[in-house]
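Undergrad: dropping a prediction and its sequence here:
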Amino acid sequence: MFDLDRWHEIFITISRNKLRSFLTAFGVFWGIFMLIVLIGGGNGLGNLISGQIEGITTNSCYIWNGRTSEAYKGFRKGRWWTISNRDIKIIKSNVKDIEEISPIIMPWSPTTDNAVRGEKKGTFSVQGTYPNFNKVYIHKIKFGRYLNDIDLQEHRKVCVIGSRVYETLFNRGEDPTGHDIRVDGIYYKVVGVGDGNEDMNISGDTRETITIPFTVMQKLYNYGENVDMFVIMAKPHVAVSELQEQTETILKANHDIAPYDKQAINSFNIEARFQQIGFLLLGVNILAWIVGFGTLFAGIIGVSNIMMVTVRERTQEIGIRRAIGAKPSSIMTQIMSESFAITAIAGFLGISFAVLILQMVDVGLDAGGNGTSVFQISFVTSVVAALIIIILGTLAGLGPAFRAMKIKPIEALSEE
Amino acid sequence: MPKIIKLKNINKTYYNGAPLHVLKGIDIEINRGEFVSIMGSSGSGKSTLLNILGILDNYDTGEYYLNDVLIKNLSETRAAYFRNKLIGFVFQSFNLISFKNAMENVALPLYYQKTGRKTRNKTALEYLDKLGLKEWAYHMPNELSGGQKQRVAIARALISKPQIILADEPTGALDSKTSAEVLDVLKKVNETGMTMIIVTHESGVANQTNKIIRLKDGIIESVEDNSEHNFSSFGIQNIK
């Protein structure tokens, strides 16, 4: 029931005190604007982070050696120890909830221009892993395939190269599979190229890494039985932290490390890290909602307040209207509609403006790449925001409307 | 003669602190088309009586028939409906809505009857024309003189074609010349058959009416026929 007359009345009363209406409306505008922008910011942060950790399996843990900090069984403290193939086997057979385990060899700092193909060369890190490392850290493969078990068993000199390696050693669009490259003086056949968008560094930037079978690496780089580090991945619904404890107990027993030694074994628990990130994002989002809603609420209370003042100022006018036949309900609808109109107009402007700003940030940063939105709120969120505005606007008018309704014509008219 | 207003033993007590028995059994009958004034000093209960007549206030005991309808314990909504349909108010302080022009003020009762905007404004212009204010239709109340404002208020009271007009000190805020003009207007309205009740404490005003009801301390002191308009007793003229 759209009543043009009523809206005309509302427009007149709102525009009667333009500055006050504007300031009141601005409170609501700013409130919803803040709410949307903060939610968008929180979402954007989440999207950016999850974009960076794409491909990393969360229930995994990297473990490597360190120096003992406690004297134990006749060994002095400060002793170096090394993980060996035997440890991997024992852990694999004793810790039953391990889904995958992959030893990794990853020498520090490669020599300059260690990777060569014809005239092209570049400096890249080399790592040796099991094929199942790809299940722990999922690499997107652009060309060819990842390492497989036969590569490992037959000690094939093959490699998977990161996208930057490909860009440096190959021409754009060239299929590198089957071609040889020389790394640290030894020729390997390229079997695959990673499409790495991954930015998170666990075992070096995968885009600048050449991955070869673990067994090949151990032999050619004179590692003997030694292992730099290994990664374990838990079975679904098993916390990797538990497995980490079991694994460390085995390692300590094997290497005569004191059970209470806290520094001998280094680890990087992705799960724990992810929880931290998760809590951080949750915190950011909660903060966004609290601050945003607080601001919006302050705005709404402002509307309610001003409507109270308005009702008070208009006591006589309302009394006149009542005397000449305005029903209490029509006075009530009038006040509520005014509050609603101010809130709705300001609120919808606020939503639109916030969406515009978020869109500008998205376009300006192009953070998602290919124009995908990172910060922009979803359509559903904006509809919910609009509904919130409508509900709050109506509620804001409720108190003042009831007060207006209670105005008795005689009292109002006797007030000069 | 058909009675438009029948009051039977109306009592009204205010309970603000000490109980104040304002109206102590009022019986009044007013015929359709009468021109009546209610006189009394301040505190006599005349304003309360007017509020009850105008369905702006409730009474405690008794019966009030307006146009043969018992007006008692009405809901606010019902009261608003009757005020809109049956009663036209004229106030001492005009009570025009300051941010609406003369025409819109006059049209307001029709707004609450859900009359369309065009019809409303057209009718309002007709009534303003009748009261000689056509050129002032688009002026705001603060641009009008007191007399003009009161004529706008009268037009507003008339537009809903009520059964009675209640005027509360209609000349109280006007000088004697404009008072005479306004009274003239009210008289002319009465001549068209409209029942008119004026509350006043000015005997000069009361003298223009055809019947004077005198109120004192909440009871009716006297009801005098004044069709000859030679009222003077207890009036200011008499004291001179």
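TA: Yep, that arrived. Residues are numbered from 1 along each chain as shown, chains lettered A, B, ... in the order given.
Undergrad: how close does the nearest residue to residue B:4 once chain neighbours are set aside sit to chain A?
TA: Of all residues not flanking residue B:4 in the chain, residue B:32 sits nearest, at 4.5 Å (Cβ to Cβ, 6 or more residues apart in numbering or on different chains). Every C-beta, even on glycine, is put in place using the N, C-alpha and C of the backbone. Using Cβ to the nearest Cβ, to the nearest Å, residue B:32 is found at 21 Å from chain A.
Undergrad: look up how far residue B:167 lies from residue B:32.
TA: As for residue B:32, its distance to residue B:167 is 17 Å (criterion: Cβ to Cβ, to the nearest Å).
Undergrad: then residue A:262?
TA: 97 Å.
Undergrad: settle it for me: which of the two has more neighbours?
TA: residue B:167 (28 against 9; other Cβ atoms under 10 Å in any protein chain shown).
Undergrad: just the strands in chain A please.
TA: A:60-65, A:83-84, A:98-105, A:115-117, A:120-122, A:125-129, A:141-144, A:158-161, A:180-183, A:186-194, A:209-213, A:226-227, A:229-234, A:265-269 (DSSP state E).
Undergrad: now those strands in a markdown table, with mean neighbour count?
TA: Output for the strands of chain A, formatted as a markdown table (neighbours: other Cβ atoms under 10 Å in any protein chain shown):
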| stretch | mean neighbour count |
| --- | --- |
| strand A:60-65 | 21 |
| strand A:83-84 | 20 |
| strand A:98-105 | 21 |
| strand A:115-117 | 20 |
| strand A:120-122 | 16 |
| strand A:125-129 | 25 |
| strand A:141-144 | 16 |
| strand A:158-161 | 27 |
| strand A:180-183 | 19 |
| strand A:186-194 | 20 |
| strand A:209-213 | 26 |
| strand A:226-227 | 20 |
| strand A:229-234 | 24 |
| strand A:265-269 | 16 |
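Undergrad: rank the ones you listed by pLDDT, which is bottom?
TA: Among these, strand A:141-144 carries the lowest mean pLDDT, at a mean of 83.
Undergrad: check which helices and strands that one is in contact with.
TA: For strand A:141-144, the packing partners by 3 or more Cβ pairs under 8 Å, 6 or more residues apart in numbering or on different chains; DSSP states H and E come out as helix A:163-169, strand A:186-194.
Undergrad: strands paired with that strand, and their directions?
TA: strand A:186-194 (antiparallel) (DSSP bridges).
Undergrad: okay, the residue in the stretch 251-400 of chain A that chain B sits nearest to: pLDDT?
TA: Proximity of the stretch 251-400 of chain A to chain B (Cβ to the nearest Cβ) peaks at residue A:325, 2.4 Å away. pLDDT, residue A:325: 88.
Undergrad: what about it, how many residues nearby?
TA: Applying other Cβ under 10 Å, I find that residue A:325 has 25 neighbouring residues.
Undergrad: do residue A:241 as well
TA: Neighbours of residue A:241 (other Cβ under 10 Å): 15.
Undergrad: now do the contacts for it.
TA: Residue A:241 makes contact with A:61, A:269, A:271-272 under the criterion Cβ atoms under 8 Å, 6 or more residues apart in numbering or on different chains.
Undergrad: would you confirm that residue A:110 contacts residue A:127?
TA: No. Counting by Cβ atoms under 8 Å, residue A:110 does not reach residue A:127; the two are 10.2 Å apart.
Undergrad: check which helices and strands the longest helix anywhere in chain A is in contact with.
TA: For chain A, the helix with the greatest residue count under DSSP state H is helix A:270-313. Contact partners of helix A:270-313 among helices and strands, from 3+ Cβ pairs under 8 Å, 6+ apart: helix A:18-52, strand A:60-65, helix A:240-254, helix A:328-365, helix A:379-406.
Undergrad: and that helix with strand A:229-234, angle?
TA: Angle, helix A:270-313 to strand A:229-234, by axes from the mean of the first three to the mean of the last three Cα atoms, to 10 degrees: 60 degrees.
Undergrad: for helix A:270-313, what is the average pLDDT?
TA: 88.
Undergrad: chain neighbours aside, what residue packs nearest to the residue of chain B found nearest chain A?
TA: When scored by Cβ to the nearest Cβ, chain B has residue B:84 as its residue closest to chain A, at 2.4 Å. Of all residues beyond its chain neighbours, the one nearest residue B:84 is residue A:325 (2.4 Å), with distances taken as Cβ to Cβ, 6+ apart.
Undergrad: can you name the residues of chain B sitting close to chain A?
TA: When proximity is defined by Cβ under 8 Å from any Cβ of the partner chain, chain B lies next to chain A at B:51, B:54, B:56-57, B:76-77, B:80-81, B:83-85, B:89, B:91, B:93, B:95-100, B:108-109, B:111-113, B:117, B:156, B:160.
Undergrad: now with 7 Å, please.
TA: With the criterion set to Cβ under 7 Å from any Cβ of the partner chain, chain B comes near chain A through B:51, B:56-57, B:76-77, B:80, B:83-84, B:89, B:91, B:93, B:95, B:97, B:99, B:108-109, B:111-112, B:117, B:156.
Undergrad: what bits of chain B have low per-residue confidence?
TA: B:1, B:231-240 (pLDDT under 70).
Undergrad: what number of residues lie near residue B:203?
TA: 19.
Undergrad: repeat for residue B:227
TA: 10.
Undergrad: just say helix, strand or coil for it.
TA: coil (DSSP: H, G, I helix; E, B strand; the rest coil).
Undergrad: the nearest residue to residue A:144 once chain neighbours are set aside and residue A:177, how far apart?
TA: Of all residues not flanking residue A:144 in the chain, residue A:192 sits nearest, at 3.5 Å (Cβ to Cβ, 6+ apart). According to Cβ to Cβ, residue A:192 and residue A:177 sit 7 Å apart.
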